[in-house]
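**Student:** Next input, structure requested:
(2 chains)
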Amino acid sequence: MARPVFRKVRAAEETAPRLAHLDRDRALVEAARRDPTRFDALYRRYLAQVYSFAYYELGDHHAAEDATERTFLSALANLHRFEERARPEDGHGASTFKVWLFRIARNAIANQRRSVRRHPTAPIEAAAIVADPLDVEGDLVRREDGADAWRAVGQLPADRRRAVILRFVDEMTTAEIAGVMGRSEGAIRVLIHRALRSVAHDLLERRGRTR
Amino acid sequence: MTFLGRDAIEVEALITDRYLESLLAGHAPAGGASTGDSASAARTAGRRGAPALDESVRFAIGALGRDLPRFHPSFRFEERLSLRLGELAATLRLPAAAGAEGVIIPLHGLDAASDPFDGADEDGRRMGRPIIIGSALTSAALSIAGVAWVAWRRTHPGSTPMARAIRAVNAARAMTAGRTRFD
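**Tutor:** Residues are numbered from 1 along each chain as shown, chains lettered A, B, ... in the order given. Modelled structure (predicted):
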């Protein structure tokens, strides 16, 4: 009996407005095209997101910095090639500046990984960075929770992990993640759903063991 | 997996996606700051009448939203990269600085078969011939100024001691050369 419900939902999905594809960076991109020194505004806007993506993927601050640097230098040098396809009539495969930038970042990270051959290693250190130094008890709990979440995400297959990071850390929509990863929105939805189930299973099992 | 089983996972994925999208739309700050307490936002979205969501998935969403931080590079790295981008931007601006900003005016009447004034607008009538404005005009002006300066220098020899000395040496050389040739 699931099929009629499924069809109904899918029909509703296709008629829904695709607001996610409106490019809020259009004015900044145009300004940077006219005067490349204006690229700085785009750089400041996306630095933390690109760096976080690189850090979660590479697990090393220096490698993440290298990948971030290559991403932004490449984006500036190739800005004239960026073609916005963000209007509703562009349909699937729409691309905003953010999606384009993260595609460059994905390639830079892949190149960095090939050259450095390193893998995520330091969950405790990363969790400690965000802890509050004045709240010792809460700090300990948060460190453990952060480390658990990091570990659970780290155990996911690469494509699921990437989708989860783009969703929860970079706060991207499904359409944007699909654009970055070169997959359909349906495939991304299933990837994230399966990843969440794995993470839930992992976290609940770990908590059950500690109790 | 069966056909119905695949449909079921897609339906569940769609419900999860709708829930996440509503969370993002109602909760995510425009500037993209930290995710904050996703669990409370998840509960709020649930109360608003979102489709039923698996409790374990809801738990995972809350945990990841709360415990996965966004990292920021060091201030030193940020400024160093900003400088490098500024340098690259300056090199990208160079072609424009060299004169590429010259305005090109559409040329009327280049086609010999057609009447140059036929159908041309008022500006076209006034111009009547191709004009290029910008770097070409600048270079032409410099050339004319250079020719004028050289002509003026030839008719107005310098009166400084060095110029007089050079003229004396040149004259002596000419005399010496004349003597050796006819002697």
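
**Student:** From the contact counts, what lies against the longest helix along chain B?
**Tutor:** Longest helix in chain B by number of residues (criterion: DSSP state H): helix B:3-27. Helix B:3-27 is packed against helix A:2-15, helix A:174-181, helix A:185-210, helix B:38-47, helix B:55-67, with contacts defined by 3 or more CB pairs under 8 Å, 6 or more residues apart in numbering or on different chains; DSSP states H and E. All C-beta atoms are positioned from the backbone trio N, CA, C, and that covers glycine.

**Student:** Any buried residues in it, and which?
**Tutor:** B:7, B:10-24, B:27 (16 or more other CB atoms under 10 Å in any protein chain shown).

**Student:** if we can go back for a sec, worst average pLDDT in the helices and strands packed on helix B:3-27?
**Tutor:** Mean pLDDT across the helices and strands packed on helix B:3-27 is lowest at helix A:2-15; the value there is a mean of 41.

**Student:** mind listing the helices in chain B by residue range?
**Tutor:** B:3-27, B:38-47, B:55-67, B:75-95, B:122-127, B:135-155, B:161-182.

**Student:** Among those helices, show the one with the smallest mean pLDDT.
**Tutor:** Taking the mean pLDDT of the helices of chain B, helix B:122-127 comes last: a mean of 44.

**Student:** burial count for residue B:151?
**Tutor:** 10 (other CB atoms under 10 Å in any protein chain shown).

**Student:** Let me fix that, I meant to ask about residue A:176.
**Tutor:** Neighbours around residue A:176, by other CB under 10 Å: 23.

**Student:** I figured it hits residue A:96, correct?
**Tutor:** Yes - between residue A:176 and residue A:96 there is a contact under CB atoms under 8 Å: 7.2 Å.

**Student:** Need the per-residue pLDDT for the spatially most central residue of chain A.
**Tutor:** What sits nearest the mean C-alpha location of chain A, by CA atoms, centre = their mean, is residue A:166, with 1.8 Å. Looking at residue A:166, its pLDDT reads 93.

**Student:** So it sits against residue A:174, correct?
**Tutor:** No - look at residue A:166 against residue A:174 with CB under 8 Å: they stay out of range, at 9.8 Å.

**Student:** picking that back up, name the element the residue nearest to the centre of chain A belongs to?
**Tutor:** helix A:158-168 (DSSP states H and E).

**Student:** got the CA positions of that helix in PDB?
**Tutor:** The C-alpha trace of helix A:158-168 is given here as PDB (Å, rounded to 0.1, in the frame of the first residue of the first chain):
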ATOM      1  CA  ALA A 158      32.900   8.200   2.100                       C
ATOM      2  CA  ASP A 159      29.900   9.400   0.100                       C
ATOM      3  CA  ARG A 160      27.500   9.200   3.100                       C
ATOM      4  CA  ARG A 161      30.000  11.000   5.300                       C
ATOM      5  CA  ARG A 162      30.400  13.700   2.700                       C
ATOM      6  CA  ALA A 163      26.600  14.200   2.400                       C
ATOM      7  CA  VAL A 164      26.200  14.400   6.200                       C
ATOM      8  CA  ILE A 165      29.000  16.900   6.500                       C
ATOM      9  CA  LEU A 166      27.600  19.100   3.800                       C
ATOM     10  CA  ARG A 167      24.100  18.800   5.400                       C
ATOM     11  CA  PHE A 168      24.900  19.300   9.100                       C
END
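
**Student:** packing partners for that helix?
**Tutor:** For helix A:158-168, the packing partners by 3+ CB pairs under 8 Å, 6+ apart are helix A:40-58, helix A:136-154, helix A:174-181, helix A:185-210, helix B:55-67.
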